[in-house]
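**Student:** predicted model and sequence below, questions to follow.
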Amino acid sequence: MAWDGNSQLLYLATADYDGAYPNSIVAINAGSGAVAQSQNVGSDPAFLSVSANGQYLYAAFATATEMTQLQLPGLNSPLTWALNNPLSSAVYWPGDMKAAPVSPHTTAVTLLDPGWQPAELGGVAIFDDSVLRPNLHYSVKVITKLGKWRKAGYESGSEGRSSERIKESQSSKIRTVQFAK
């Protein structure tokens, strides 16, 4: 669920089993409670985030390894791209996703790799529209819930992960993972 203060619309993600709007983003008018519009987006949208200026709504999916950007307020022109890590051939699922607090074209998403422990070692990928930034952030700070991502900062670290020993410490929102050879 995500709120857009500019349009006064509440955006809801619906599952594949929803009878009226399966696999959709539904915009609800806050004043009347009526459905203002909807857009089918694919398999089980799970994470929604409105961009800083209300220009876009970003969606990541529970059962798909991709993200979608929709223009607001009409949910038009969907742009969809795969979640990937150029350093690995693994398939990644979103763990959380947030639009940047300043740039309407930027999002951050945690990449979960169920084949690794902890699964968050897929890293934090930052996208500008559908383009992955070249520096994937995964070794010093892995943010499993991105609610505070603008305050946490990102730091680059180790390029590999297969032979590293992992030392973890946790706080309420940020997991710090330090790699040591």
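**Tutor:** That came through, no problem. Note that the structure is predicted; figures quoted are calculated from it, not measured. Numbers count the residues shown, from 1 in each chain.
**Student:** host element of residue 69?
**Tutor:** Secondary structure assignment for residue 69, by DSSP states H and E: strand 66-71.
**Student:** mind listing what's buried in that strand?
**Tutor:** Buried residues in strand 66-71, counted by 16 or more other C-beta atoms under 10 Å: 66-70. No exception for glycine: its C-beta is placed from N, CA and C like everyone else's.
**Student:** which stretches of the protein form helices?
**Tutor:** In chain order, the chain shows helices spanning 149-152, with DSSP state H as the criterion.
**Student:** where in it is pLDDT low?
**Tutor:** 116-121, 136-181 (pLDDT under 70).
**Student:** how is the chain carved up into domains?
**Tutor:** 1-81, 83-181 (automatic domain parsing).
**Student:** send the alpha carbons of the strand holding residue 69 over as CSV?
**Tutor:** The C-alpha coordinates for strand 66-71 follow below in CSV (Å, rounded to 0.1, in the frame of the first residue of the first chain):
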residue,chain,number,x,y,z
GLU,A,66,11.1,-7.9,-11.6
MET,A,67,10.0,-4.3,-10.8
THR,A,68,7.6,-2.0,-12.6
GLN,A,69,7.4,1.8,-12.8
LEU,A,70,4.0,3.4,-13.5
GLN,A,71,3.2,7.1,-14.3
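**Student:** what lines up beside that strand in the sheet?
**Tutor:** Taking DSSP bridges as the criterion, strand 66-71 forms sheet pairs with strand 56-61 (antiparallel), strand 76-82 (antiparallel).
**Student:** that strand: how far from the chain's middle?
**Tutor:** Distance of strand 66-71 from its chain centroid, counting by C-alpha atoms, centre = their mean, to the nearest Å, is 10 Å.
**Student:** residue contacts, residue 20?
**Tutor:** Contact analysis of residue 20 by C-beta atoms under 8 Å, 6 or more residues apart in numbering lists nothing.
**Student:** hmm, residue 126 is touching residue 110, no?
**Tutor:** No - here residue 126 does not reach residue 110: they are 11.0 Å apart, not a contact under C-beta atoms under 8 Å.
**Student:** which of the two has more neighbours?
**Tutor:** With neighbours defined as other C-beta atoms under 10 Å, residue 126 and residue 110 compare such that residue 110 has more, 28 against 19.
**Student:** just give the closest residue to the more buried one, not the sequence neighbours.
**Tutor:** Excluding its sequence neighbours, the residue lying closest to residue 110 (C-beta to C-beta, 6 or more residues apart in numbering) is residue 95, at 3.6 Å.
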